[in-house]
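Visitor: Give me the fold of what follows.
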Amino acid sequence: MMDPANPGAAMAGTPADATVPPANDGSPAGGATDFLAGLRNAESRQWVESKGYKALDPLVESARHADRLQTEYNELKARALIPPAADAGPEEWQAFHARLGRPETAEGYEFRMPQGLPEGFAYDSDSAGAYRSWAHEAGLTPRQAQSLHDRFVQHQAGQQSTYVQAIVERGEAAQAALTKAWGDRNSQAFRQNVEFADRFIRQNGGEALIGELKSNGLLSPDGYVLSPALAQAMARAGRALYAEDQFATGGVAAQSRSAAETLYPVDPFRR
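Guide: Numbers count the residues shown, from 1 in each chain. Okay, here's the model as predicted:
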């Protein structure tokens with residue numbers, strides 16, 4: 001029959017006194033439905049129950065979340081830089097270093113000079129070329145290679161400064177010893193001793209002897225006397241061997257090249 005108060009109920013196919021069931025959200029309706037009814041694997045059912053799931057929706061959402069995490073993990077793993085195994089071949093290491101950012105060749109490193117180097121620092125370009133090859137073999141990135149380059153150059157600069165300071169101190173000590181032994185450097189005695197030492201050098205090796213004295217640290221690279229004992233020995237030997245060569249005037253022999261220029265290419269007594 002048609003309900004006069006609700007004429008559309010019969011037309012909609014719903015009895016007037018019927019109750020419309022709630023939407024199914026995956027939960028058992030009134031506890032009457034087992035949402036795992038179709039799950040036949042006993043271990044799987046036991047796992048679901050141990051996790052406390054009471055409906056299908058949260059179980060599916062958890063599975064979707066786990067799937068997203070697995071996908072993200074796989075993507076991260078594909079991008080990860082994992083060092084090759086200990087027994088990996090050269091090709092694997094080459095590929096790994098390339099992914100880190102190492103240049104294709106050693107010439108790809110372009111080094112800048114660090115700040116604060118002393119004036120006149122002698123940069124060894126040959127050593128820098130060798131270092132490029134070593135850095136490439138070690139798989140260094142440009143940033144890593146530049147950092148080590150700066151540290152090494154600064155170390156070299158410090159050693160050079162220490163060496164120069166030591167040479168200056170030895171030169172000053174030699175000056176003091178020779179002026180004490182021969183008198184003031186403008187005195188006749190001092191100039192004669194320099195001349196006799198010069199004669200000994202010219203007659204016993206000349207430039208070759210001077211080169212040996214420099215390489216053995218007895219003269220500085222610039223020609224400063226660093227061994228006053230040797231200078232005095234050469235002066236005594238020159239006097240004993242070549243005293244017959246008379247000085248022209250004022251105790252200084254007349255020669256095309258002065259004694260001081262040979263024994264002292266630069267003034268070893270300048271301050």
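Visitor: Okay, buried residues for stretch 178-190 please.
Guide: Within stretch 178-190, the residues that qualify as buried are Leu178, Trp182, Arg185, Phe190, counting by 16 or more other CB atoms under 10 Å. Every residue, glycine included, has its C-beta placed from N, CA and C.
Visitor: Got phi/psi on Leu219?
Guide: phi -130, psi 140 (degrees, to the nearest 10).
Visitor: returning to that earlier point: format the buried residues of stretch 178-190 as JSON lines; extra columns: secondary structure.
Guide: Shown next, in JSON lines, are those (DSSP: H, G, I helix; E, B strand; the rest coil):
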{"residue": "Leu178", "secondary structure": "helix"}
{"residue": "Trp182", "secondary structure": "helix"}
{"residue": "Arg185", "secondary structure": "coil"}
{"residue": "Phe190", "secondary structure": "helix"}
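Visitor: pLDDT-wise, what's the bottom of those?
Guide: For the buried residues of stretch 178-190, the weakest pLDDT value sits at Arg185, with 85.
Visitor: picking up where we left off before, so can I have JSON lines of the buried residues of stretch 178-190 showing distance to Met113?
Guide: Listed next are the buried residues of stretch 178-190 as JSON lines, based on distance: CB to CB, whole Å:
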{"residue": "Leu178", "distance to Met113": "40"}
{"residue": "Trp182", "distance to Met113": "45"}
{"residue": "Arg185", "distance to Met113": "40"}
{"residue": "Phe190", "distance to Met113": "44"}
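Visitor: low-scoring pLDDT stretches of the chain, where are they?
Guide: Within the chain, the segments meeting pLDDT under 70 span 1-33, 244-271.
Visitor: Could you list the domains of it?
Guide: Listed by automatic domain parsing, the domain ranges of the chain are 90-162, 183-263.
Visitor: so which of the ones you listed is the most packed in?
Guide: Per-stretch averages of neighbours, counted by mean count of other CB atoms under 10 Å, single out domain 183-263 among the domains of the chain, with a mean of 16.
Visitor: Make CSV from the domains of the chain and add distance to Ala55 to it.
Guide: Listed next are the domains of the chain as CSV, based on distance: least, CB to CB, whole Å:
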stretch, distance to Ala55
domain 90-162, 47
domain 183-263, 90
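Visitor: right, and those domains - which one's nearest Gly52?
Guide: Gly52 lies closest to domain 90-162 among those, at 44.4 Å (CB to CB).
Visitor: Straight-line length of that closest one, end to end?
Guide: With CA to CA, to the nearest Å as the measure, domain 90-162 spans 42 Å from end to end.
Visitor: and which of the buried residues of stretch 178-190 is nearest to Ala128?
Guide: The closest of the buried residues of stretch 178-190 to Ala128 turns out to be Leu178 (CB to CB; 40.5 Å).
Visitor: so that closest one touches Met234, yeah?
Guide: No: in this structure, Leu178 is not within contact of Met234 by CB atoms under 8 Å, at 11.7 Å.
Visitor: and of the domains of the chain, who's closest to Leu69?
Guide: Of all the domains of the chain, it is domain 90-162 that lies closest to Leu69, at 25.1 Å by CB to CB.
Visitor: can you give me the offset of the closest one from its chain's centre?
Guide: Relative to its parent chain, domain 90-162 has a centroid offset of 6 Å by CA atoms, centre = their mean, to the nearest Å.
Visitor: does His136 really touch Pro103, like I thought?
Guide: Yes: with contacts counted by CB under 8 Å, His136 reaches Pro103, the gap being 7.0 Å.
Visitor: so what's in contact with these two at the same time?
Guide: Jointly contacting His136 and Pro103 under the rule CB atoms under 8 Å, 6 or more residues apart in numbering are Tyr109.
Visitor: What helix or strand is Phe111 located in?
Guide: Per DSSP states H and E, Phe111 falls between elements, in no helix or strand.
Visitor: Now do the contacts for Tyr123.
Guide: With CB under 8 Å, 6+ apart, Tyr123 has these contacts: Met113, Val153.
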